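*Asks:* give me coordinates for this.
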Amino acid sequence: MAFRDFLMRFRPTGLPGAAAAGGVPADRSAELADELEPALAALDSAGARARTMVEAANREAARRREAARRRAAEIVRAAHDRAEDESARVRDGERSATQAELARMRGCAERELGELRSRVERRMPGLVDRLAADTAEALLSGLEARDP
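*Replies:* Below you'll find the predicted structure:
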């Protein structure tokens, strides 16, 4: 059903009673235009306000996106800085731990060296005496083997 047909349902009908004197025919299209003009003007005004609001919302969205992009870049930059600081802290901690382990190992090696020197000092006189005795015996047996 067309809009015009819908409006025709509400067309004016004749008044009850005797027919009136002839008059100028009614200009229905002018009446409709006059009737709809304020509503259409209000719609135009509302459409303009809506376009203005959409444009403002688009500008605000662009501004917020840019602010969010800058904030994200700052967060990433700060995270990289913290990561570098944390890496340096971990390296320093590892270096300290390695130096402590090295000092502990050096201490163990020095104790073992001391124990080894102590053992050598205890055993050396006996080994030297035995070597001297073995050498003397070998020399004497070599000399006896030569003398017929």
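*Asks:* average pLDDT for the lengthiest helix in the chain, rounded please.
*Replies:* Longest among the helix segments of the chain by residue count, using DSSP state H, is helix 28-146. Average pLDDT, helix 28-146: 89.
*Asks:* could you give the separation of that helix from the chain centroid?
*Replies:* Using C-alpha atoms, centre = their mean, to the nearest Å, the mean C-alpha position of helix 28-146 is found 15 Å from that of the whole chain.
*Asks:* and that helix, what does it pack against?
*Replies:* Of the remaining helices and strands, none touches helix 28-146 by 3 or more C-beta pairs under 8 Å, 6 or more residues apart in numbering; DSSP states H and E. In this view, the C-beta of every residue, glycine as well, is placed from N, C-alpha and C.
*Asks:* okay, stretch 37-53 in PDB with CA atoms only?
*Replies:* Extracted as PDB, the C-alpha positions of stretch 37-53 are listed here (Å, rounded to 0.1, in the frame of the first residue of the first chain):
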ATOM      1  CA  GLU A  37       6.800  20.800   5.900                       C
ATOM      2  CA  PRO A  38       7.400  21.200   9.600                       C
ATOM      3  CA  ALA A  39       8.000  17.500  10.100                       C
ATOM      4  CA  LEU A  40      10.400  17.300   7.100                       C
ATOM      5  CA  ALA A  41      12.200  20.400   8.300                       C
ATOM      6  CA  ALA A  42      12.600  18.900  11.800                       C
ATOM      7  CA  LEU A  43      13.900  15.700  10.100                       C
ATOM      8  CA  ASP A  44      16.400  17.700   8.100                       C
ATOM      9  CA  SER A  45      17.500  19.500  11.300                       C
ATOM     10  CA  ALA A  46      17.800  16.200  13.100                       C
ATOM     11  CA  GLY A  47      19.800  14.700  10.200                       C
ATOM     12  CA  ALA A  48      22.200  17.600  10.200                       C
ATOM     13  CA  ARG A  49      22.600  17.200  14.000                       C
ATOM     14  CA  ALA A  50      23.100  13.500  13.500                       C
ATOM     15  CA  ARG A  51      25.800  14.100  10.900                       C
ATOM     16  CA  THR A  52      27.500  16.700  13.200                       C
ATOM     17  CA  MET A  53      27.400  14.200  16.000                       C
END
